[in-house]
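Visitor: here is the input, now give the coordinates:
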Amino acid sequence: MSGTRIQLDLFIPKQKSDTDNAIISALFAQQLFPAIKKIKVYATKINEGKANEEMTIRTVWHKCYHDEGKSCEPEQEI
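Guide: Numbering: from 1, shown residues only. Reported below is the predicted structural model:
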């Protein structure tokens, strides 16, 4: 069966302005994360139960500090 597969990998660097950081945090909390949660209920695993099963309903986010040479924070499920 065919379907739509969406993969999204974004790195949003910390902004110089606290206002811009607040806007980005609000967009995540108020728009992006709720939209992901709503559409996630329609997602299924590809080839579920078969040897070639693919996990296609995993959505996580975390704070990344690779550019500072530090470890990332733990992933959080959306």
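
Visitor: and the strands in this protein?
Guide: Using DSSP state E, the strands found in the chain span residues 60-61, 76-77.

Visitor: pull up the pairing partners for the last one, direction included.
Guide: Okay, so that is strand 76-77. Its sheet considered, strand 76-77 pairs with strand 60-61 (antiparallel) by DSSP bridges.

Visitor: just to revisit the earlier point, wait, which of the strands of the chain is closest to Thr44?
Guide: With C-beta to C-beta as the measure, strand 76-77 is the member of the strands of the chain nearest Thr44 (17.1 Å). For every residue, glycine as well, the C-beta is placed using N, CA and C.

Visitor: distance of Ile24 relative to Ile36?
Guide: Here the criterion is C-beta to C-beta, to the nearest Å. By it, Ile24 lies 16 Å from Ile36.

Visitor: pull the number of nearby residues for the nearest residue to Tyr65 once chain neighbours are set aside.
Guide: Of all residues not flanking Tyr65 in the chain, Cys72 sits nearest, at 6.1 Å (C-beta to C-beta, 6 or more residues apart in numbering). Counted by other C-beta atoms under 10 Å, the residues lying close to Cys72 total 10.
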